[in-house]
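S.K.: fold the stuff below for me.
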Amino acid sequence: MRVFENHKQWKAVKEVADRLSQAGFQVLLAGGCVRDYVMNRPQPSDFDIATDAVPDQVHALFPNALTVGKAFGVTIIPFGDFNLEVATFREDLEYKDGRRPEGVRFSTAEADAKRRDFTANALFYDLQSDKVIDYVGGVEDIKNRILRTVGDPDQRFSEDKLRILRAVRFAAQLDFELEPATYAAVKKRAAEVTQVSRERVRDELQKLLKTPNRIKGLSLLVETGLLKALFPQLAEKVAENVDGWLETFKRSEKYEDPLLFLALFFLPVYESTPQKDFREIYLRGLRLDNRETEAISFAVKNLKIFLNPHAHREGELVLLLAHQAAPTALALAKVMGLEGSEGERYLESLRKDRLGPRGEKPAPFITGADAQNAGWRPGPEMGTILHEAYLQQLEGKFSNRSEALNWLQMQAAKRS
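M.R.: As a prediction, the model looks like this:
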């Protein structure tokens, strides 16, 4: 229990558990926090509480509780900047849509454990006895570093298709081996993962890519056919050089930018896909938000420029370096060969010498009003001259506004 005591949520967990226990209900910690406790992993991100109290009984003890998941036995208790989830022991009714049961039946802790996905996630922890409760052999599987479904894997995956993808993600996250029957069932039902919403696919993929063992997870995506099911054209390109694709992730191990990992993930298909389709099919299609979509698009689009900066105009490079997605783009370029090169040193010198301390662009010396005063009318031609003036400023050819205005007058004289 001591591993939990320094957790910021522990006081709230104890308050909920004590109040439920004092009212005569059984209270257990459940799921990932117990698994991580058995594995001696760092403190969990949060806690799940399981009990034989039904939602109305929980709500009676915690009047501020939210019963948004009442039909599935879930009650949310707010505590400042976080919520605690309290779930009633339950067993699932029939699955018809390949994702969620038609309903639940409130039951016992043992039945609740046996409805869960993997044995490692089906453990309970009794706060009063300070003991782990294991109905499914999860402790032994954790000891042997095996990921096994609770019950028949084919049935488990037929019930909820998301479990197919979660199997690969947990194998990578926990650095476990998929138990042979579980592995076989993942391969057998890989094509059915298309029934899972893209939002849930996105969440699982992002979690997989964040784990230090992402290469293991990516290898499993390829081996089991999940990558082909989710992204057929990407899988086809990856198949041309699987080892090379995985190698890029090995070179990215010192980075923590999740957008970099997504850029590497989709990079093999970028060249063969129109930019609009790349954004719509792979990025927006995965329900990435606008910021993520723009950052990944920027990084892959400008990869060749960052890999060969001396072939491009200095001012344009400075503009790229000032882009909000430049850190992701530079990380991608470094992974793909920029790191340690003269090109990297050149880009770094431009960033330091031509941009502000936070990487911001300097204000232009001349404006549209200046161009109009010099004889240009608003339109494409004026836009072109202002852009050229700004590029020259970024290249250090003007040291102040006066020099820029002199240049502008010279360009105006050439027009007349």
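
S.K.: mind listing what the nearest residue to residue 411 once chain neighbours are set aside touches?
M.R.: In this structure, residue 411 finds its nearest non-sequential neighbour in residue 385, 6.1 Å apart by Cβ to Cβ, 6 or more residues apart in numbering. All C-beta spots, glycine's among them, are computed from the backbone N, C-alpha and C. The contact partners of residue 385, by Cβ atoms under 8 Å, 6 or more residues apart in numbering, come to 371, 376, 408, 411.

S.K.: same question, residue 216
M.R.: Neighbouring residues of residue 216 by Cβ under 8 Å, 6+ apart: 171-172, 175.

S.K.: looking at the residues you listed, which are in helices?
M.R.: 171-172 (DSSP state H).

S.K.: of the contacts of residue 216, just say which sits nearest to residue 211.
M.R.: Among those, residue 172 lies closest to residue 211 (Cβ to Cβ), at 5.2 Å.

S.K.: verify the contact between that closest one and residue 214 for me.
M.R.: Yes - Residue 172 lies in contact with residue 214 (Cβ atoms under 8 Å); the separation is 6.2 Å.

S.K.: now do the shared contacts for those two.
M.R.: Jointly contacting residue 172 and residue 214 under the rule Cβ under 8 Å, 6+ apart are residue 208.

S.K.: nearest spatial neighbour of residue 82, skipping sequence neighbours?
M.R.: Among residues not flanking residue 82 along the chain, residue 9 sits closest, at 6.1 Å (Cβ to Cβ, 6+ apart).

S.K.: phi, psi of the one you found?
M.R.: Note on residue 9: its backbone torsions stand at phi -90, psi -10 [degrees, to the nearest 10].

S.K.: residues contacting it?
M.R.: By Cβ under 8 Å, 6+ apart, the neighbours of residue 9 are 46-47, 79, 82, 84.

S.K.: how about the contacts of residue 216 in JSON lines, adding neighbour count, distance to residue 134 and pLDDT?
M.R.: Shown next, in JSON lines, are the contacts of residue 216 (neighbours: other Cβ atoms under 10 Å; distance: Cβ to Cβ, whole Å; pLDDT from 0 to 100):
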{"residue": "171", "neighbour count": "27", "distance to residue 134": "20", "pLDDT": "97"}
{"residue": "172", "neighbour count": "25", "distance to residue 134": "24", "pLDDT": "97"}
{"residue": "175", "neighbour count": "15", "distance to residue 134": "21", "pLDDT": "96"}
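
S.K.: wait, which of the contacts of residue 216 is closest to residue 237?
M.R.: Distance ranking of these against residue 237, using Cβ to Cβ, places residue 172 first at 21.5 Å.

S.K.: for the closest residue to the closest one other than its chain neighbours, give me its contacts.
M.R.: Distances taken as Cβ to Cβ, 6+ apart place residue 217 nearest to residue 172, at 2.9 Å, with adjacent residues excluded. With contact set as Cβ under 8 Å, 6+ apart, residue 217 has these partners: 168-169, 171-173, 208-209, 211.

S.K.: apply 10 Å and report the result again.
M.R.: Contacts for residue 217 (Cβ atoms under 10 Å, 6 or more residues apart in numbering) come out as 165, 168-173, 175, 204-205, 207-209, 211, 226, 249.

S.K.: which of the contacts of residue 9 tops the neighbour count?
M.R.: Of all those, the highest neighbour tally under other Cβ atoms under 10 Å goes to residue 47, namely 24 neighbours.

S.K.: so it sits against residue 15, correct?
M.R.: No - checked against Cβ atoms under 10 Å, the pair residue 47 and residue 15 is beyond contact range at 11.9 Å.

S.K.: between those two, what contacts are shared?
M.R.: With contacts defined as Cβ under 10 Å, 6+ apart, the residues shared by residue 47 and residue 15 are residue 84.

S.K.: hang on, residue 85 in a strand?
M.R.: Yes - when DSSP: H, G, I helix; E, B strand; the rest coil is applied, residue 85 is found to be in a strand.

S.K.: so in terms of bridging, what pairs with it?
M.R.: Counting by DSSP bridges, residue 85 is bridged to residue 48, residue 76.

S.K.: buried stuff in the helix or strand containing residue 410?
M.R.: Here residue 410, judged by DSSP states H and E, is contained in helix 401-415. Buried residues in helix 401-415, counted by 16 or more other Cβ atoms under 10 Å: 404-405, 407-408.

S.K.: other residues contacting that helix?
M.R.: 363-367, 370-371, 373-376, 381, 385-386, 388-390, 392-393, 397-398.

S.K.: apply 7 Å and report the result again.
M.R.: Helix 401-415 is contacted from outside by 365-366, 370-371, 374-375, 385, 389, 393, 398, using Cβ atoms under 7 Å, 6 or more residues apart in numbering.

S.K.: among these, which are in helices?
M.R.: Cross-referencing these against helices under DSSP H gives 370-371, 385, 389, 393.

S.K.: tell me the two of those that are most distant?
M.R.: The widest separation within the ones in helices among the contacts of helix 401-415 (Cβ to Cβ) is 13.9 Å, between 371 and 393.

S.K.: who are the neighbours in contact with the residue lying closest to residue 68 once chain neighbours are set aside?
M.R.: Leaving aside its sequence neighbours, residue 68 sits nearest to residue 76 (Cβ to Cβ, 6+ apart; 6.3 Å). Residue 76 makes contact with 65-66, 68, 83, 85, according to Cβ under 7 Å, 6+ apart.
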